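Engineer: Following is a predicted model, sequence given first.
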Amino acid sequence: MLKIGVGPSSSHTLGPWRAAREWVSELDESQVLDKVKTLNIELYGSLSLTGKGHATDIAVVMGLLDTNPETVETSKIPTYLEKIEKTKTLELGGKCGVTFSLSDHIIFKKAFLPFHANGIRFLGELTDGTKVEETYYSVGGGFIVKENESPQTQRGSASSKFPWPIAKGEDILTHCGTENKPIWEIVLGNERQLRNDIEIDAELKRIWQTMLHCMYEGCHTEGILPGGLNVKRRAFQMHEKLKGDVPFNTPEEWVSAIRKTEVKFRQIFKWVSCFALAVNEVNAAMGRVVTAPTNGSAGVIPAVLMYYLVIENHEGNFEHVKRFLLVAGEIGSVFKKGATISAAMGGCQAEIGVSSAMAAGALCELLGGTPDQVVVAAEIAMEHHLGLTCDPIGGLVQVPCIERNSMGAIKAINAAELALETNPEDAKVPLDKVIKTMWETAKDMNSKYKETSEGGLAVGVNLSDC
């Protein structure tokens with residue numbers, strides 16, 4: 001649920017990037033990569049309607065080049081593109097030259113494929129005339145599935161290979177009750193079936209460091225975001241007003257400096273908003289972020305985790321970060337299995353709503369909440385995001401997306417606090433019921449409000465005024 005990648009969109013950027021790499025890998029394994037003579041890519045549905053604003057065409061090219069979104073130097077992406085446009089050649093898999101240009105060989109189809117709103121088809125012809133073709137779907141959060149995979153693969157299911165398989169919120173509470181363990185220990189036990197503790201800690205540290213560096217970069221970068229909307233970065237100025245006089249030179253020292261700053265009550269939510277805005281401004285500029293559970297909602301979880309570390313617990317350390325991320329990831333997984341984390345399928349409730357629920361539950365756990373209260377916190381956060389549409393202006397992950405991360409973070413904190421004051425027996429709406437309701441709402445939502453830029457703010461605002 002927590003992936004490191006390049007912005008601005010997990011479903012429109014990271015997913016197509018990963019799909020292109022996988023297709024190239026399959027060609028290589030079939031020993032036909034060096035025999036590809038012609039190449040075309042067709043984008044369908046939401047990938048086509050908002051693909052330009054989400055840099056889908058660029059992501060596809062970077063994947064075909066077999067660059068890794070987790071490690072590629074984002075500043076060098078324009079260099080790759082300039083070389084292709086200059087030579088009219090793409091080095092497929094980073095080694096086999098194929099005639100190519102973005103304008104001629106990436107085709108934006110406005111039609112929707114039946115399986116999912118985010119469809120991408122790779123079409124190639126080998127030197128002997130053989131056709132090679134594969135269709136993928138970017139199902140949200142950077143996850144991809146092939147056309148011939150079952151619909152259940154899109155949403156996932158509980159795996160029997162885990163000691164405590166989890167498909168629903170009810171499963172979380174059952175396992176916690178039976179084992180008398182907090183949620184994070186249940187999740188950790190399942191993770192240990194996949195990797196050892198050293199590997200788990202290393203990956204969680206890498207995820208947290210990426211989040212931290214992203215917040216730091218966003219708080220220290222001025223300017224206008226790319227894309228043509230002329231959106232001014234705001235995190236920098238907010239940070240300048242809040243940071244105080246304690247010196248720092250690294251992201252780690254920055255955390256200590258904020259802890260030493262005298263934070264007034266009115267400034268608490270300003271700090272949270274600043275953290276969230278910082279992440280999503282980096283995301284909008286094709287910077288490196290952690291998909292949590294999507295790129296468009298990447299700012300909520302790091303902002304709430306930073307809130308805990310710099311406001312709630314100045315002694316907070318990696319162990320707290322670890323527990324937060326484990327709980328947040330499991331809550332996100334339950335939403336993915338029971339509904340969707342794709343805005344193209346469910347609107348922004350599937351992105352900001354899910355990230356807010358993830359952060360609310362994780363924060364509640366760190367603040368001493370019982371497993372039942374953690375689940376209540378997640379439910380409260382989602383309950384107040386139900387029906388939220390995805391209507392990005394210009395197809396860019398900027399307006400209203402960036403501000404929505406700060407709103408989602410604030411709601412998460414509020415939901416956690418409400419849950420701590422709630423007797424779970426008095427809660428009227430179970431988490432699984434709100435997940436089901438979210439999915440039903442998603443299916444009922446008009447397609448123009450699901451990441452197509454054909455409704456809402458996307459058509460209500462004149463781009464010439466921006």
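Structural biologist: Looks like it came in fine.
Engineer: Which strand or helix spans the residue at the greatest distance from the centre of the chain?
Structural biologist: Distance from the centre of the chain peaks at residue 128, with 40.9 Å (CA atoms, centre = their mean). Counting by DSSP states H and E, no helix or strand carries residue 128.
Engineer: Can you give me the neighbour number for residue 78?
Structural biologist: Using other CB atoms under 10 Å, residue 78 is surrounded by 11 other residues. (Glycine included, C-beta is placed from N, CA and C.)
Engineer: Pull the helix or strand encompassing it out as CSV, backbone CA atoms only.
Structural biologist: Assigned by DSSP H and E, residue 78 belongs to helix 77-87. Output of helix 77-87 as CSV, limited to C-alpha atoms (Å, rounded to 0.1, in the frame of the first residue of the first chain):
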residue,chain,number,x,y,z
ILE,A,77,13.4,13.1,-17.0
PRO,A,78,13.4,16.0,-19.5
THR,A,79,16.7,14.9,-20.8
TYR,A,80,15.4,11.5,-21.7
LEU,A,81,12.4,13.1,-23.5
GLU,A,82,14.6,15.6,-25.4
LYS,A,83,16.8,12.8,-26.7
ILE,A,84,13.8,10.8,-28.0
GLU,A,85,12.3,13.9,-29.8
LYS,A,86,15.7,14.8,-31.3
THR,A,87,16.6,11.3,-32.5
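Engineer: hang on, the earlier thing: residues in contact with the nearest residue to the residue farthest from the centre of the chain once chain neighbours are set aside?
Structural biologist: Closest residue to residue 128 apart from its sequence neighbours, by CB to CB, 6 or more residues apart in numbering: residue 35 at 7.2 Å. Going by CB atoms under 8 Å, 6 or more residues apart in numbering, residue 35 touches 126, 127, 128.
Engineer: contacting residues for the second one?
Structural biologist: For residue 127, the contact set (CB under 8 Å, 6+ apart) comprises 35, 37.
Engineer: helices or strands up against the helix holding residue 78?
Structural biologist: The contact analysis (3 or more CB pairs under 8 Å, 6 or more residues apart in numbering; DSSP states H and E) places helix 77-87 against helix 56-64, helix 102-105.
Engineer: Of those helices, which is nearest residue 355?
Structural biologist: Residue 355 lies closest, by CB to CB, to one member of the helices and strands packed on helix 77-87: helix 56-64, at 21.1 Å.
Engineer: so what does the closest one touch, helix or strand wise?
Structural biologist: Secondary-structure packing of helix 56-64 (3+ CB pairs under 8 Å, 6+ apart): helix 15-29, strand 36-45, helix 77-87, strand 89-92, helix 102-105, strand 106-108.
Engineer: just for the stretch 51-200 of the chain, where's the confidence low?
Structural biologist: 150-160 (pLDDT under 70).
Engineer: And the strands in it?
Structural biologist: Assigned by DSSP state E, counting those that start in this stretch, the strands in the stretch 51-200 of the chain fall at 89-92, 96-99, 106-108, 118-126, 131-140, 143-146.
Engineer: would CSV of those strands with mean neighbour count be doable?
Structural biologist: Shown next, in CSV, are these (neighbours: other CB atoms under 10 Å):
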stretch, mean neighbour count
strand 89-92, 20
strand 96-99, 15
strand 106-108, 17
strand 118-126, 22
strand 131-140, 22
strand 143-146, 22
